[in-house]
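Undergrad: Let's see this in three dimensions:
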Amino acid sequence: MATNFANRGEVFGHGGNDGGADGPQPCIKSMVDQGSVESHRFFLARKTAWEMLKDRGYNVADSELTRSITEFRSVFGDQPDLERLHISVSLRSNPSKKILVVFMGTNDIRKATVCALKGQILNESLSGLILILQSKMNSFALKELKSFPFKVEVFKIADLYVNITKHFLMPKHEVLTAEEKQKLLKKYQLEDKHLPQMLQTDPIARYYGLEKGQVVKVTYSEEFVQFHEQYRCVV
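TA: Prediction:
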């Protein structure tokens, strides 16, 4: 037992030795995040939002995907201003289609909040809006979202701390184009109703912003099952 504890000074960076041939070991304090929890939360959620937009076909700079927590804090600070966190990008295949990502505050979201936001962004010629919530949104506010002239999606900030598509157990998902879907149905002489279903509320469907009738190709890794592909139709 004495031998095991003799090296704790090296492992945790204490003591006066030089750490052996590999040099001094770093203090465990250097591995602890010294910034605010709030900035860390926003960093994780915003990074996932950028990845989600790229996977949907939007024009996303590589620098946004590789930005570190340190770089994030140097730009936005330890207590980020929500307006500065907004994201606005255009679709690669159609630059006229632009989507806006808005981080909402910590107060409960009511109809008046949504109406005020609507007035602020209607001049931006958007084709889509994503709201990232830190608080509850009541039923009147949710109903008001349906009055927007474009699709509005709502995510809780905690749902974006981790990109679910990057989990090692998650099979690969590919969204088929309308043409690819028709080729598939024609090849196997199928209709939408004959395909396995994926609910529009499924986390993967929400990640890709899928609409009813779209088809997703799901490829399972042979590490877990024999190499297998299937198609699912969003309902």
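
Undergrad: make it CA atoms for all contacts and neighbour counts henceforth
TA: OK.

Undergrad: for the chain, longest helix please?
TA: helix 37-55 (DSSP state H).

Undergrad: ok, and for that helix, which residues are buried?
TA: The neighbour-count check on helix 37-55 (16 or more other C-alpha atoms under 10 Å) flags 39-40, 42-55 as buried.

Undergrad: got it, and stretch 68-77?
TA: For stretch 68-77, by 16+ other C-alpha under 10 Å, it's 69, 72, 73, 76.

Undergrad: And stretch 168-181, by the same measure?
TA: 171, 173, 175, 181.

Undergrad: which helices and strands sit right next to the longest helix of the chain?
TA: For helix 37-55, the helices and strands in contact under the criterion 3 or more C-alpha pairs under 8 Å, 6 or more residues apart in numbering; DSSP states H and E are helix 62-66, helix 69-76, helix 203-208.

Undergrad: can you list those in TSV and add mean pLDDT and distance to residue 126?
TA: As requested, the helices and strands packed on helix 37-55 are arranged in TSV below (pLDDT from 0 to 100; distance: least, C-alpha to C-alpha, whole Å):
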stretch	mean pLDDT	distance to residue 126
helix 62-66	97	21
helix 69-76	97	25
helix 203-208	98	18
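
Undergrad: Tell me which of those approaches residue 189 most closely.
TA: Judged by C-alpha to C-alpha, the one of the helices and strands packed on helix 37-55 that comes nearest to residue 189 is helix 203-208, at 24.8 Å.

Undergrad: residue boundaries of the strands in this structure?
TA: Across the chain, reading from the start of the chain, the strands by DSSP state E fall at 87-90, 98-103, 128-133, 151-156, 172-175, 197-198, 215-220, 228-234.

Undergrad: Can you give me the neighbour number for the nearest residue to residue 128 once chain neighbours are set aside?
TA: Once its chain neighbours are removed from consideration, residue 128 has its nearest residue in residue 99; the separation is 4.6 Å (C-alpha to C-alpha, 6 or more residues apart in numbering). Applying the criterion other C-alpha atoms under 10 Å, we find 22 residues in the vicinity of residue 99.

Undergrad: For residue 118, see how far away residue 99 is.
TA: Distance, residue 99 to residue 118, by C-alpha to C-alpha, to the nearest Å: 14 Å.

Undergrad: repeat for residue 36
TA: Applying C-alpha to C-alpha, the value for residue 36 to residue 118 is 31 Å.
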